[in-house]
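Asks: Test case, fold it:
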Amino acid sequence: MELKVYTLKRNAVLDYAIPIAVFVALMALSSRIMIPLPFTPVPITLQVLFVILSGLILGSRRAAIAQASYLGLILSGLPLTAYGLAGPMAFLSPTAGYLLAFLPAAFCVGLYSEKFKNNFHLFIAGIIGIIIIYLGGTSWLAIYLGDINKAWRVGVAPFILVDLIKAIIAVILYRGLKGLRKQGGSNNWTRSEG
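Replies: Got it, this is the predicted structure:
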């Protein structure tokens, strides 16, 4: 039996763990920057922006880890949702489907953007993420409200334009950070594009 010893290089922490932790923090902070709407239990937050951005910057695996970590902190009892819900209650709320969709959305944004690199395709990656979030959120909201049409009217329709703008902003921020990486040479936060 062969024993393999793995060592963690100093740069591995900088390249892997710290960017994930930053996106976990951004997800938590962005949940609390919200605009509640009187006709829906779903508020406007910046979380969709950071789900998309995590996929673009971190790539599929690290973005999924960041989102899983964020969800794990909520499940462990930290009030990191828009309305400050924590623990199992956060995953029984009307917005639970959106929360749970963050992980596959970030993974798919990262996966698509790893294959296609131009601005148009990066925006398409953002749209894919938005669609996944809407599917998860609306499915759960339909169960919660007992009406799929109402779930669409209060859980998707009011958010389409603002979320498309978030996708555009995510691409702009990603390109800006990538440009900084090329200039500075030492920023290892964005994945390399070979």
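Asks: which residues sit in contact with the most centrally placed residue in the chain?
Replies: For the chain, the residue nearest the mean C-alpha position is residue 51 (1.7 Å; Cα atoms, centre = their mean). Residue 51 is in contact with 27, 63, 67, 102, 105, 106, 109, 129, 133, counting by Cβ atoms under 8 Å, 6 or more residues apart in numbering. (Each C-beta comes from the backbone N, C-alpha and C, glycine too.)
Asks: what's stretch 80-89 in contact with?
Replies: Contacts for stretch 80-89 (Cβ under 8 Å, 6+ apart): 27-28, 31-32, 34, 43, 45, 47, 70, 73-79, 90, 93, 95, 99.
Asks: can you redo the contacts of residue 51 as CSV with secondary structure and neighbour count?
Replies: Shown next, in CSV, are those (DSSP: H, G, I helix; E, B strand; the rest coil; neighbours: other Cβ atoms under 10 Å):
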residue, secondary structure, neighbour count
27, helix, 27
63, helix, 33
67, helix, 29
102, helix, 27
105, helix, 29
106, helix, 33
109, helix, 32
129, helix, 33
133, helix, 26
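Asks: Include pLDDT and distance to residue 21 when you put those residues into TSV, please.
Replies: Shown next, in TSV, are these (pLDDT from 0 to 100; distance: Cβ to Cβ, whole Å):
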residue	pLDDT	distance to residue 21
27	98	11
63	98	13
67	98	13
102	98	16
105	98	20
106	98	15
109	98	19
129	98	21
133	98	22
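Asks: For the chain, just list every one of the helices.
Replies: Listed in chain order, the helices of the chain (DSSP state H) span 10-12, 18-32, 47-75, 96-115, 119-145, 148-155, 160-184.
Asks: For residue 39, find the nearest of those.
Replies: Closest approach to residue 39 among the helices of the chain (Cβ to Cβ): helix 148-155, 6.1 Å.
Asks: Remind me what the closest one packs against, helices and strands.
Replies: helix 119-145 (3 or more Cβ pairs under 8 Å, 6 or more residues apart in numbering; DSSP states H and E).
Asks: Can you give me the buried ones in the helix it packs on?
Replies: For helix 119-145, burial by neighbour count (16 or more other Cβ atoms under 10 Å) applies to 122-126, 128-130, 132-134, 136-142, 144-145.
Asks: and if you look at stretch 48-65?
Replies: The neighbour-count check on stretch 48-65 (16+ other Cβ under 10 Å) flags 48-60, 62-65 as buried.
Asks: do stretch 36-46 as well
Replies: In stretch 36-46, counting by 16+ other Cβ under 10 Å, buried: 40, 41, 42, 43, 44, 45, 46.
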